[in-house]
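Engineer: dropping a prediction and its sequence here:
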Number of protein chains: 2
Amino acid sequence: MTQEISLDPRLSSDSARIGRLALCEVRLQDDARFPWLVLVPQREGISELFELAVADRAAAMEEIAQCAAALRAVTQCLKINVGALGNIVRQLHIHIVARNEGDTAWPGPVWGAGTRVPYSEMQKSELIERMRSALGMRG
Amino acid sequence: MTQEISLDPRLSSDSARIGRLALCEVRLQDDARFPWLVLVPQREGISELFELAVADRAAAMEEIAQCAAALRAVTQCLKINVGALGNIVRQLHIHIVARNEGDTAWPGPVWGAGTRVPYSEMQKSELIERMRSALGMRG
């Protein structure tokens, strides 16, 4: 099993682990309003994309693309939103969010919009399994 | 001179050209509240990062990193926000925004926050020149 770096407690409390790619841990944001992945590069002490090494930046982009395509395939969403903000949680993390016309924040961003609506345990498990399958991850 | 692809009129009306990197045109969002770059990959018909070819994705990441580091160097900001949303304008474009505690949207996202405040012509010209210099572009 791959060792993982420490995760900011605000990330761990709001999201659940889907699995691990070469660079990033992939997590599901626990918000039933929007299917929403969070990628956490497994590098300590980094808060900006440009602080990653060049090879890690390339890997990050490929994992963003892989996760975004998988999220769209699973959700059939209209648009993917990608963001690396970090104004509140400084540990580098990348949001990949499935958006649709008429979702509760449309066409604005999801960050800071309204209040998170947790999934039921069954909904969450099912979506995690579908994402693992789409990403070719073992359960 | 490098030929450029057509630019969505909403991008052209809200931002001014800084210059051209290998893949992207770099523009300054005309909003004095936040120093804010917009990168437009010069590829037709693309609205998602994962629709770019692999080599273009790597180039996009390197240009994002270069522009983000240059923006931080010029502005001495606290945090860089990077986002590719496209809910309103579908032509692929990547936002790189300099953020500081106490700016008018802090700690929320800039997208959809309040009303754009145009620069004076002098402010805009000066910031464009500083960005060109930081990016090693000719005027």
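Structural biologist: Sure, I can see it. Numbers count the residues shown, from 1 in each chain, chains lettered A, B, ... in the order given.
Engineer: quick one: average pLDDT of stretch A:82-91?
Structural biologist: Rounded to a whole number, the mean pLDDT of stretch A:82-91 is 98.
Engineer: and it, C-alpha only, in PDB?
Structural biologist: Extracted in PDB, the C-alpha atoms of stretch A:82-91 (Å, rounded to 0.1, in the frame of the first residue of the first chain):
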ATOM      1  CA  VAL A  82     -11.700  22.700 -12.600                       C
ATOM      2  CA  GLY A  83     -10.300  24.900  -9.800                       C
ATOM      3  CA  ALA A  84      -7.300  25.200  -7.600                       C
ATOM      4  CA  LEU A  85      -8.100  28.000  -5.100                       C
ATOM      5  CA  GLY A  86      -6.700  27.300  -1.600                       C
ATOM      6  CA  ASN A  87      -7.800  30.500   0.000                       C
ATOM      7  CA  ILE A  88      -9.100  28.700   3.100                       C
ATOM      8  CA  VAL A  89      -7.200  25.300   3.000                       C
ATOM      9  CA  ARG A  90      -3.600  25.900   1.900                       C
ATOM     10  CA  GLN A  91      -2.700  22.300   1.200                       C
END
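Engineer: so what's the gap between that stretch and the chain middle?
Structural biologist: Once both centres are worked out by Cα atoms, centre = their mean, to the nearest Å, stretch A:82-91 turns out to sit 12 Å from its chain's centre.
Engineer: then stretch A:31-43?
Structural biologist: Relative to the mean C-alpha coordinate of its chain, stretch A:31-43 is positioned 2 Å out (Cα atoms, centre = their mean).
Engineer: hmm, it in reach of chain B?
Structural biologist: No - counting by Cβ under 8 Å from any Cβ of the partner chain, chain B is not contacted by stretch A:31-43; separation bottoms out at 11.9 Å. All C-beta spots, glycine's among them, are computed from the backbone N, C-alpha and C.
Engineer: so which bits of that stretch are buried?
Structural biologist: Buried residues in stretch A:31-43, counting neighbours by 16 or more other Cβ atoms under 10 Å in any protein chain shown, are found at A:31, A:33-43.
Engineer: export these as a markdown table, with columns for pLDDT and secondary structure.
Structural biologist: Conversion of the buried residues of stretch A:31-43 to a markdown table gives the following (pLDDT from 0 to 100; DSSP: H, G, I helix; E, B strand; the rest coil):
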| residue | pLDDT | secondary structure |
| --- | --- | --- |
| A:Asp31 | 98 | coil |
| A:Arg33 | 98 | coil |
| A:Phe34 | 97 | coil |
| A:Pro35 | 98 | coil |
| A:Trp36 | 98 | strand |
| A:Leu37 | 98 | strand |
| A:Val38 | 98 | strand |
| A:Leu39 | 98 | strand |
| A:Val40 | 98 | strand |
| A:Pro41 | 98 | strand |
| A:Gln42 | 97 | coil |
| A:Arg43 | 97 | coil |
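Engineer: hmm, which two among those residues are most spread apart?
Structural biologist: The two members of the buried residues of stretch A:31-43 with the most space between them (Cβ to Cβ) are A:Arg33 and A:Arg43, at 29.9 Å.
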